[in-house]
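Colleague: no sequence on hand, only this structure:
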């Protein structure tokens, strides 16, 4: 994007101090180029030849001595009056910078631009063109242009910092890199709506730098929505050391860590094409793949590789980029995605990055391992004597994850940025949920790596038992991994098969897994019996807890039928070991039928009692006291009537006593 000359291209059309082409050579206000040599178009013959790398300059001593302190020292310290040849192979900026400095010494107007100012400033310092020799010398003019023109412009700051890549250590010593980095950082952290300089925001359409009118059109205005990543593309064209300087300055100024992580992923996608996977869902791939192969930056040619680049240069440059990116990733948990960290870890192991940085990267992955996917975890082992995949690395990641989970559990006040904003709060805030996701991920990883014939049983067992048993509610994933390992290792001894099967809990297997295990001839017979016994225990517990529920009985009836069909379909080699299991199943069937009969009998008794209760409630229309008083009044009337009859009888007649009704006492009670 910034590989052309500066935006200050007005002088090219006017011809003031800018090169122009013709058929016979290159001439420029008194300077003429012939092949690899420059000549001054004057009648006075040149008396000194200055050799700068492969370009020769035929000049005169007086203009150079009047403004260049280094030329004075070289000529006078040599004590050779006839010295007419000087070599300046170590001049910063090369022949282009010395050409501009020589023109300045001859009084020719020099067009200062953002593309040539850094090289010319370093060349002026090298040639010692100070104010002691002449007021307004080249150091003063280039320094003023840097301070008042370049550092006030976003694009010029980017371009000057880009041009400093080939000027080390001069650009560092003259503070050009530091000042440009701080200028870029300040502008990136400022609200773009209040800034009048231009920004890119989109991948460049051409290699050349935009004109001033294009910049004005692309400048933000009040009605334009400025994206937060408007500066990513410009910052990503910098070399890795300068990019690190810019990001460090941005951190000091307090930019949000998620934006810093986003620009790091954008930079990695641009400079490390192998890091970006093809396919949907990859962070940064959709926005950077289009520009990765179209950009013609200097270091990117090394990263992309060509026939002329030695392999050691490719490895060294990629290693430098990865080490630098690891060192500047923000420490916050959600600053970059876990997928990006795992891909970076894959390349770090491949390129033999510093062990300390690899360990730091592993800790970062462990902090957010629940966000990983299986494809990113399949990191190859680059030791030929080891397994196909780096199983030890995944075990270390699990250890870092468990340590992080314990730390967060002990400090509940610690929350990630996404939790504070409310993103994924129910999931991320629930620590067992994160462990369960990691457990499923580990089970899938074990199923994949178990196909490796070189994978030892110890490594498989250690990785399977790295997580606590409580995080797995179902061991179907472990069963698939165990079955896959047994299939890939058919010569495994019987005692090692039993040892392998101890990693799973038979009581946590689903019905489908139990049906498969019962017919799996690769499993030890003891494990098959344990599977069937665990299912029997489950059925017994379920029936005992749901004896009074008809739905439960109908729900478990097909299960018993399924068990019978399962046993009938089992190979003949296992039938002898199942005699006890068959008896238990038949006993269970008999108990189930007896329970059904008892349930029907209880239901009939309950219906009879309900009918009697309804019949009694119909006859009982009044209370007990009212019925008692009515009966008492009836008995009183009867006694009075009997007394009247006794009074009407003759005196001589014998009165026969009458028994009081027994119902009277009972009715009162």
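Modeller: Here it is on my side, so go on. Predicted, not measured: the structure shown is a model, and the values here were computed from it. Numbers count the residues shown, from 1 in each chain.
Colleague: all contacts plus neighbour counts: C-alpha atoms, from now on.
Modeller: Will do.
Colleague: the nearest residue to residue 336 once chain neighbours are set aside: which element?
Modeller: In this structure, residue 336 finds its nearest non-sequential neighbour in residue 261, 5.0 Å apart by C-alpha to C-alpha, 6 or more residues apart in numbering. Using DSSP states H and E, residue 261 falls within helix 257-271.
Colleague: for this protein, what are the low-confidence residue spans?
Modeller: Counting by pLDDT under 70, the chain has low-confidence residues at 1-29, 80-81, 192-225, 276-311, 384-385, 411-432, 542, 546-584, 619-669.
Colleague: circling back to that earlier point, count the neighbours of the residue nearest to residue 336 for me.
Modeller: Using other C-alpha atoms under 10 Å, residue 261 has 22 other residues around it.
Colleague: now it: how far from residue 609?
Modeller: Distance from residue 261 to residue 609, counting by C-alpha to C-alpha, to the nearest Å: 76 Å.
Colleague: residue 91 reaches residue 124, doesn't it?
Modeller: No: the pair residue 91 / residue 124 is not scored as a contact, 9.6 Å apart, by C-alpha atoms under 8 Å.
Colleague: neighbour count: the two, which is higher?
Modeller: For the pair residue 91 and residue 124, the greater number of neighbours falls to residue 124 (29 against 20), based on other C-alpha under 10 Å.
Colleague: pull the contacting residues for the more buried one.
Modeller: For residue 124, the residues meeting the contact criterion (C-alpha atoms under 8 Å, 6 or more residues apart in numbering) are 101, 138, 139.
Colleague: if we use 10 Å, what do you get?
Modeller: The contact partners of residue 124, by C-alpha atoms under 10 Å, 6 or more residues apart in numbering, come to 67-70, 91-93, 97-98, 100-101, 118, 130, 137-142.
Colleague: with residue 345 instead?
Modeller: Residues near residue 345 by C-alpha under 10 Å, 6+ apart: 275, 322, 326, 339, 351, 353, 357-359, 361-362, 365, 376-377, 379, 393.
Colleague: ditto for residue 140
Modeller: When contacts are counted by C-alpha under 10 Å, 6+ apart, residue 140 touches 121, 124, 129, 130, 131.
Colleague: and the helix or strand containing residue 441, which residues are buried?
Modeller: Using DSSP H and E, residue 441 falls within helix 431-449. Using 16 or more other C-alpha atoms under 10 Å as the test for burial, helix 431-449 gives 434-449.
Colleague: so which of these comes closest to residue 617?
Modeller: Distances from residue 617 to these, taken as C-alpha to C-alpha, are shortest for residue 436 (58.5 Å).
Colleague: my guess is that closest one meets residue 370, correct?
Modeller: Yes: using C-alpha atoms under 10 Å, residue 436 is in contact with residue 370, at 8.6 Å.
Colleague: which members of the contacts of residue 124 are classed as buried?
Modeller: Neighbour-count burial (16+ other C-alpha under 10 Å) applied to these gives 67-70, 91-93, 97-98, 100-101, 118, 130, 137-139, 142.
Colleague: which of the contacts of residue 345 ranks first by neighbour count?
Modeller: Result: residue 365 is most packed of these (other C-alpha under 10 Å), 26 neighbours.
Colleague: which other residues reach stretch 39-59?
Modeller: Stretch 39-59 is contacted from outside by 27-38, 60-62, 64, 82-91, 94-96, 98-99, 102-103, 106, using C-alpha under 10 Å, 6+ apart.
Colleague: buried by neighbour count, from those: which ones?
Modeller: By 16+ other C-alpha under 10 Å, the contacts of stretch 39-59 give 27-29, 31-33, 38, 60-61, 64, 84, 86, 91, 94-95, 98-99, 102-103, 106 as buried.
Colleague: narrow these to those in helices?
Modeller: Cross-referencing these against helices under DSSP state H gives 61, 64, 94, 95, 98, 99, 102, 103.
Colleague: do you know how far the closest residue to the third one other than its chain neighbours is from residue 509?
Modeller: Spelled out, it's residue 94. Of all residues not flanking residue 94 in the chain, residue 52 sits nearest, at 6.6 Å (C-alpha to C-alpha, 6+ apart). Separation of residue 52 from residue 509 (C-alpha to C-alpha): 79 Å.
Colleague: who has more neighbours, those two?
Modeller: Per other C-alpha under 10 Å, whichever of residue 52 and residue 509 has more neighbours is residue 509, with 22 against 19.
Colleague: need the contact list for the more buried one.
Modeller: By C-alpha under 10 Å, 6+ apart, residue 509 lies in contact with 473, 474, 475, 476, 477, 478, 479, 515, 517, 531, 534, 535.
Colleague: now with 8 Å, please.
Modeller: Shown in contact with residue 509 (C-alpha under 8 Å, 6+ apart): 474, 475, 476.
Colleague: which residues touch the spatially closest residue to residue 513 that is not a sequence neighbour?
Modeller: In space, and not counting its chain neighbours, residue 513 is closest to residue 476: 6.3 Å by C-alpha to C-alpha, 6+ apart. Residue 476 makes contacts with 508, 509, 510, 513, as judged by C-alpha under 8 Å, 6+ apart.
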